[in-house]
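Asks: output the structure for:
(chains A, B, C and D)
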Protein chains: 2
Amino acid sequence: MEQKQQNATATMKDVAKAAGVSTATVSRTLMTPEKVSLQTRQKVEQAVMDVGYYPHSLARSYKRNESKTILAIVPDISDPFFSDVICGLEKVAAQEGYFVLIGDCKHQQKQENAFINLIITKQIDGMVLLGSNLPFDVSAEEQKNLPPIVMANEFSPELKLPTVHIDNLTSAFNATHYLQKLGHKRIACIAGPEHMPHSQYRLEGYKKAMLRTGEKLREYYIVRGDFTHESGAEAVKTLLSLPEPPTAIFCHSDIMAIGAMWQAKKLGLTLPDDLSIVGFDNLEQAKYTLPALTTINHPRDEIGRHAMLLLLEQLQGNSVTPGSRLLDSDLIIRESAKAPKS
Amino acid sequence: MEQKQQNATATMKDVAKAAGVSTATVSRTLMTPEKVSLQTRQKVEQAVMDVGYYPHSLARSYKRNESKTILAIVPDISDPFFSDVICGLEKVAAQEGYFVLIGDCKHQQKQENAFINLIITKQIDGMVLLGSNLPFDVSAEEQKNLPPIVMANEFSPELKLPTVHIDNLTSAFNATHYLQKLGHKRIACIAGPEHMPHSQYRLEGYKKAMLRTGEKLREYYIVRGDFTHESGAEAVKTLLSLPEPPTAIFCHSDIMAIGAMWQAKKLGLTLPDDLSIVGFDNLEQAKYTLPALTTINHPRDEIGRHAMLLLLEQLQGNSVTPGSRLLDSDLIIRESAKAPKS
DNA sequence: TTGTACGCGTTATCAC
DNA sequence: GTGATAACGCGTACAA
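Replies: Residues are numbered from 1 along each chain as shown, chains lettered A, B, ... in the order given. Next comes the predicted model:
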């Protein structure tokens, strides 16, 4: 007497046989139970248990032409900023039964083909871009074949994509203005790379605040970093060796701010007495610096959540206007900025 | 004159028609070009370009019964520790044409079913566990139906799984012993949660070093944290209010160490003079504390890389013995630990 | 070397 | 309410 082997993956046919019905009925029982008589439904459900049946989702996806998978293109997953956004994406996706596939494109050209393939072959239902660019080129025509896309955190000037982001310009303005209200005149700025749109907006916000005073802008107070601790530290070295060093610095990220604080202290300055610093992002770590970092709150988790929400709206066709969303970003005042000494 | 519409996804049939051959030939041209005459191959390749054909990977995966997707189960993706490991996973996976699906299981029971479904329905080819447990229960029989699994960073006592990890016990011993060599006797330990195997090993390493001196172990020098800054800070409060406060603390993570340093400084201590601290992980941030954190180097990226390597070995059948791998983890000496004052 | 024909597991369209 | 049957796109026996 051969036992029906349990370990081989059971298929719908097996269930049908066990229940003494057709595969069509099994499928209906699973998809639209209300269209099946209670009697057969129970038979089928029992059979499903008996043979240990699980729907073959690959086959199902294939048939339905949807994968329930979202691709998230992220510039650098080990950046705490991005991982928090992904967290937000995940939460919403999971709720709706979607999966998030992470595409970490550390400027690796190789991966690009893999991604675009994934997209064109409809292996993903949609995508979220955390960086500022698509990781590949798309012509206008090709763009129409792309699945729904939303940008998170950044803003794409060329591609007209729905976006969820904060008002970088105003946030930067507020941060700088806060330093001004404290009495600072010589305020420097450790900026992000030029090619990043949000860095440009933050820089403009800084400039706007500085220009507002009527004084001319000191270009040498603007130093570019790349969002690493090290670049923040380097920038401080440069700034403090200026003939007229700044009394305050607005940094485009907490990481650079932390690097800056570290370097300033190493050089013997007392913070915030000798130098005020304001960051941007409000990372968890920003609370655990001494002095605790005054910074702009960047709602990373919320950005992720809203981005996924926006995407799902499009996927589920509820969306009439897939407009962008602007999230709040307040200044979190802690202890790293105070009135200048003199 | 109707133009053949470009935007609809081209299928193999379209290519076949365009090239004047059968779909079988098209498939062969793509899969085993050497089995096709140069002439027809060129025709087909041209046709592929013309109609803009991309293989439908869902169909392909379905047919081949492999998804080229690896599921990574991670306790908390916003923890910098895990995101670095994921980075390592990604790199290797991408090289081999695999994708990494992130399953962030923040103790959310709901997701579990989704995961197990994913697994049973062969929608993933393998999985990497970054936590210490499977996010679901598996009976012994069910285990045989599971795809290849490897654990990263942790170690599973029940499940016999290939693992890549460091020697937590020895590392902890070394860290503690280093403090002893510096002259410390009153060494406390801010440990991780009890239920985590690696925390237990680190604690044992600490105990082993402490017991080695012949003195009795002061249980009140062992405080449990949960790998957050806050728990590190709280632990320090407790320890410093002891009648005989420690002169040094070994922390089970850099994050807790940073929280601890922050709190100690807030309480007016001068570091490292009044209190030596050693961390565990060697996070990027550990370099940018003052004093710079002495810590155990945890090769996160390497752990991820090796874990994926181990997994791919199994998937590609090259593996005879899917043994575990032990990675080096040296003590990185910086400035947060020095000889005690007295 | 190339074409024909079948099957993977599911869902959907018909009849009954 | 239920059962045949076709179809999704691809890969591969098998036959030519």
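Asks: low-scoring stretches of chain A, by residue?
Replies: Scanning chain A for pLDDT under 70 picks out A:1-8, A:105-118, A:120-122, A:132-145, A:157, A:318-322, A:342.
Asks: mind listing the helices for the stretch 51-200 of chain A?
Replies: For the stretch 51-200 of chain A, the helices defined by DSSP state H, counting those that start in this stretch cover A:57-64, A:80-95, A:109-120, A:140-145, A:168-181, A:197-212.
Asks: which among the ones you listed is found nearest to B:S276?
Replies: Among the helices of the stretch 51-200 of chain A, helix A:80-95 comes nearest to B:S276, with 27.2 Å by CB to CB. Any C-beta I mention is one placed from the backbone N, CA and C, and that applies to glycine too.
Asks: which other helices and strands contact that closest one?
Replies: strand A:69-74, strand A:99-104, helix A:300-315, helix B:80-95, strand B:99-104, helix B:109-120 (3 or more CB pairs under 8 Å, 6 or more residues apart in numbering or on different chains; DSSP states H and E).
Asks: as CSV, the ones you listed with distance to B:M31 and mean neighbour count would be great.
Replies: Shown next, in CSV, are these (distance: least, CB to CB, whole Å; neighbours: other CB atoms under 10 Å in any protein chain shown):
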stretch, distance to B:M31, mean neighbour count
strand A:69-74, 25, 25
strand A:99-104, 25, 24
helix A:300-315, 33, 23
helix B:80-95, 21, 24
strand B:99-104, 21, 24
helix B:109-120, 27, 17
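Asks: which of those sits closest to B:A264?
Replies: Nearest to B:A264 among the helices and strands packed on helix A:80-95 is helix B:80-95 (22.1 Å), distances taken as CB to CB.
Asks: what's the neighbour count on A:A19?
Replies: 22 (other CB atoms under 10 Å in any protein chain shown).
Asks: that one reaches A:Q42, doesn't it?
Replies: No. Judged on CB atoms under 8 Å, A:A19 makes no contact with A:Q42 at a distance of 9.4 Å.
Asks: reformat the helices and strands packed on helix A:80-95 as a markdown table; add distance to A:S61.
Replies: Shown next, in a markdown table, are the helices and strands packed on helix A:80-95 (distance: least, CB to CB, whole Å):
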| stretch | distance to A:S61 |
| --- | --- |
| strand A:69-74 | 8 |
| strand A:99-104 | 11 |
| helix A:300-315 | 14 |
| helix B:80-95 | 21 |
| strand B:99-104 | 14 |
| helix B:109-120 | 11 |
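Asks: in a markdown table, list those along with distance to DNA strand C.
Replies: Converted to a markdown table, the helices and strands packed on helix A:80-95 look like this (distance: least, CB to the nearest atom of the strand, whole Å):
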| stretch | distance to DNA strand C |
| --- | --- |
| strand A:69-74 | 17 |
| strand A:99-104 | 17 |
| helix A:300-315 | 16 |
| helix B:80-95 | 25 |
| strand B:99-104 | 20 |
| helix B:109-120 | 11 |
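Asks: wait, which of these is closest to A:D274?
Replies: Nearest of those (CB to CB): helix B:80-95, 30.1 Å.
Asks: got a list of what A:D84 touches?
Replies: Residues in contact with A:D84 (CB atoms under 8 Å, 6 or more residues apart in numbering or on different chains) are A:R300, A:D301, A:G304, B:S78.
Asks: can I get the helices of the stretch 51-200 of chain A in a markdown table with distance to B:E284?
Replies: As requested, the helices of the stretch 51-200 of chain A are arranged in a markdown table below (distance: least, CB to CB, whole Å):
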| stretch | distance to B:E284 |
| --- | --- |
| helix A:57-64 | 38 |
| helix A:80-95 | 10 |
| helix A:109-120 | 23 |
| helix A:140-145 | 37 |
| helix A:168-181 | 24 |
| helix A:197-212 | 21 |
